[in-house]
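[1] sharing a model prediction with you, sequence too.
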Amino acid sequence: MQIKDVILTRGDGAFFYDDQAAIRAGVDHDGFLYVGEPLTPGFPSIRVPASCLSVGLVLADDTIVWGDMMGVQYSGAGGRDPLFDADQIKALTSQVVVPRLLKADASRFLDACSLTFQWFEGKRLPLSIEYGVSQALLSAAAHAARSTMSEVVCREFSLPLPRGRVPIYCQSGDAREINVDKMILKGVDVLPHGLINSRKKFGADGQTFIEFVKWVARRVREIGPADYSPVLHFDVYGWIGFEIGSDPQTIADFICKVADMVPEFILNIESPADFGSTAAQVDDYARIVAILDARGGRARVVVDEQCNTLDDVRLFAEAKAAHLIQIKAPDIGSMADTARAVLICKENRVGAYVGGSCSETDISARATVHVSVATQADMMLAKPGMGVDEGLTIIGNEQNRLLAVLERGRTQTGNNA
């Protein structure tokens, strides 16, 4: 399947790019804005509207397939690529990537990715380029095969066609209480994220956070069905380490204390601390995991910051330095590497959480569903946006449609394996 032309056009992400360093420093809100000067290089202000660059591949039969390039909300933090600049990305894509795409066989997904994402001038291409272009290449391969994107992933990685549904995880943003109610009423599998990204939200000795955890558990019982028991997952953005202390034993003790307050739920704590580098994060998270495992409780640690690339995922998985690894799709780069990352987690018996960012788009979200289902990840993020309803609709409906198509194919071929 030849690619005969490439279209590039600017677009919007679903949320905003935020300067994490400035927010951690304790800046105030003015309505939806943050007040103060940015601290992360490249940010003209603390909060910047998310943008994207769409890439359309014009195939030999004149079909056009699309992918979207963008950054994550907290760009430039935790070892991530800098703030997304659509003009710079467009120029580099036009100069380097488009000529490669015109030589690629779009029916062969992995081969096309390998050709297109070769390093340029001794450096890897920006991960946003890999992410968006690989979405388009995956869609092109599915079109060429007259199949779903999930079937392409299964074929390329020699995986069985999936049957199982991947649990969906929603994030609340700052509208915590209202969005928690939405999640409970809609029966979300994993909730609520909570956005505990400042000292004010965490509280002295974590008391504000603890009260929120207890409130979420109580609210599930108050308005949810009797048989509803979601996983409680809170992203604390390193604040256990910042506020309680960076000793792994101290962090593990705090996590156990929180878990003991909601004993009927599995408790995921994402980013309990940021130890400043990937190597330090691996070592100290492995210690925290070992302590929690020895106690045999229902608390689990999830890694995000300092675990960005495929090599990072392998390090954490092999070291058992998390119970769940967030595979942050835009930070991994190619959709092929998202698939590889899930498989690495499975090989090492570590949970695989296919995540991403509120700053993404509908196209990138749908592509992520196909990779998550094909590889049977342990959970996936409802994205894009921070409103719950939109991301849950996009991710949930795409998964339901995909599983229905795959089941129809089994019925028609008589293959019940």
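    That came through, no problem. Model, not experiment: these values are computed from the prediction.
[2] now do the lengthiest helix in the chain: everything it contacts.
    Using DSSP state H to define each element, the chain has its longest helix at helix 389-413. Contacts to helix 389-413, defined as CB atoms under 8 Å, 6 or more residues apart in numbering, come from residues 14, 148, 150-151, 161-163, 165-166, 168, 170-171, 182, 186, 188, 358, 362, 365-366, 368-370, 373, 380-385, 415-416. For the C-beta atoms, the positions are set from N, CA and C on the backbone; glycine is no exception.
[3] distance from that helix to the middle of the chain?
    Relative to the chain's own centre, helix 389-413 is displaced by 20 Å; criterion: CA atoms, centre = their mean, to the nearest Å.
[4] pLDDT of it, averaged?
    Mean pLDDT, helix 389-413: 95.
[5] for that helix, buried residues please.
    Using 16 or more other CB atoms under 10 Å as the test for burial, helix 389-413 gives 390-392, 394-396, 398-399, 402-403, 406.
[6] ok, so of those, who is nearest Ser271?
    For the buried residues of helix 389-413, the closest approach to Ser271 (CB to CB) belongs to Gly391, at 20.0 Å.
[7] what are the phi and psi values at the residue positioned nearest the centre of the chain?
    Nearest to the mean C-alpha position of the chain, by CA atoms, centre = their mean, lies Gly355 at 1.6 Å. According to degrees, to the nearest 10, the main-chain angles of Gly355 amount to phi -110, psi -150.
[8] would you map the helices across the stretch 301-417 of the chain?
    For the stretch 301-417 of the chain, the helices defined by DSSP state H, counting those that start in this stretch occupy 310-318, 329-332, 335-347, 362-375, 389-413.
[9] nearest to Leu53, of these?
    helix 362-375 (11.5 Å).
[10] on that earlier part again, let's have the helices of the stretch 301-417 of the chain in CSV, adding distance to Asp205.
    Listed next are the helices of the stretch 301-417 of the chain as CSV, based on distance: least, CB to CB, whole Å:
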stretch, distance to Asp205
helix 310-318, 28
helix 329-332, 32
helix 335-347, 33
helix 362-375, 37
helix 389-413, 33
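[11] sorry, back to before: buried subset of the contacts of helix 389-413?
    The buried subset of the contacts of helix 389-413 - by 16+ other CB under 10 Å - is 14, 148, 150-151, 161-162, 166, 168, 170-171, 182, 186, 188, 358, 362, 365-366, 368-370, 373, 380-385.
[12] re earlier: ok, the buried residues of helix 389-413 vs Arg80, which is closest?
    Gly391 (20.7 Å).
[13] need the pLDDT of the residue lying closest to the closest one once chain neighbours are set aside.
    Counting by CB to CB, 6 or more residues apart in numbering, Gly391 lies nearest to Ala382, which is 3.8 Å off, once chain neighbours are set aside. Here the pLDDT value assigned to Ala382 is 97.
[14] how about the one 3 residues further on?
    What the model reports for Gly385 is a pLDDT of 93.
[15] report the contact partners of the closest residue to it other than its chain neighbours.
    Distances taken as CB to CB, 6+ apart put Ala14 closest to Gly385, at 4.0 Å, once the chain neighbours are dropped. When contacts are counted by CB under 8 Å, 6+ apart, Ala14 touches 50, 358-362, 383-386, 390-391.
[16] okay, and Ala14 sits in which element?
    According to DSSP states H and E, Ala14 maps onto strand 3-18.
[17] that strand vs helix 362-375, what angle?
    Between the axes of strand 3-18 and helix 362-375, defined by axes from the mean of the first three to the mean of the last three CA atoms, to 10 degrees, the angle is 100 degrees.
[18] give me the mean pLDDT for the helix or strand that comes right after strand 3-18.
    Remark: after strand 3-18, the chain's next helix or strand is helix 20-24, criterion DSSP H and E. Here helix 20-24 scores 90 as its mean pLDDT.
[19] next one: helix 20-24 to chain centre, how far?
    For helix 20-24, the distance to the chain centre is 20 Å (CA atoms, centre = their mean).
[20] okay, it in CSV with CA atoms only?
    Output in CSV follows, covering the C-alpha atoms of helix 20-24 (Å, rounded to 0.1, in the frame of the first residue of the first chain):
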residue,chain,number,x,y,z
GLN,A,20,4.3,21.1,36.7
ALA,A,21,7.3,22.8,38.4
ALA,A,22,5.4,26.0,38.9
ILE,A,23,2.3,24.2,40.2
ARG,A,24,4.5,22.2,42.7
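[21] direction included, what does the strand holding Ala14 pair up with?
    strand 47-59 (antiparallel) (DSSP bridges).
[22] distance of the nearest residue to Lys186 once chain neighbours are set aside relative to Gln399?
    Of all residues not flanking Lys186 in the chain, Leu392 sits nearest, at 6.4 Å (CB to CB, 6+ apart). Going from Leu392 to Gln399 by CB to CB, to the nearest Å gives 10 Å.
[23] okay, now the nearest residue to Met261 once chain neighbours are set aside: neighbour count?
    Nearest residue to Met261 in three dimensions, chain neighbours excluded: Lys214, at 5.6 Å (CB to CB, 6+ apart). Lys214 has 13 neighbouring residues, counting by other CB atoms under 10 Å.
[24] wait, Lys214 sits on Val262?
    Yes: using CB atoms under 8 Å, Lys214 is in contact with Val262, at 6.8 Å.
[25] isn't Asp93 right up against Glu130?
    Quick fix: residue 93 is Thr, not Asp. No: assessed by CB under 8 Å, Thr93 is found out of contact with Glu130, at 10.8 Å.
[26] about what we covered before: give the contact list for the residue nearest to the centre of the chain.
    169, 304, 326-329, 380-381.
[27] buried subset of those, written for ChimeraX?
    Selection command for ChimeraX covering only the buried members of these, criterion 16+ other CB under 10 Å:
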select :169,304,326,327,328,329,380,381
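[28] list the ones among the contacts of Gly355 that fall in strands.
    169, 326-328, 380-381 (DSSP state E).
[29] got those as CSV, with distance to Lys200 columns?
    Formatted as CSV, the ones in strands among the contacts of Gly355 follow (distance: CB to CB, whole Å):
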residue, distance to Lys200
Tyr169, 24
Gln326, 24
Ile327, 30
Lys328, 25
Met380, 30
Leu381, 25
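[30] looking at the residues you listed, spot the one nearest Ala77.
    Closest approach between these and Ala77, by CB to CB: Lys328, at 11.6 Å.
[31] hey, what's the closest one bridged with?
    Here Lys328 shows beta-bridge partners Gly355, assigned using DSSP bridges.
[32] sounds good, over and out.
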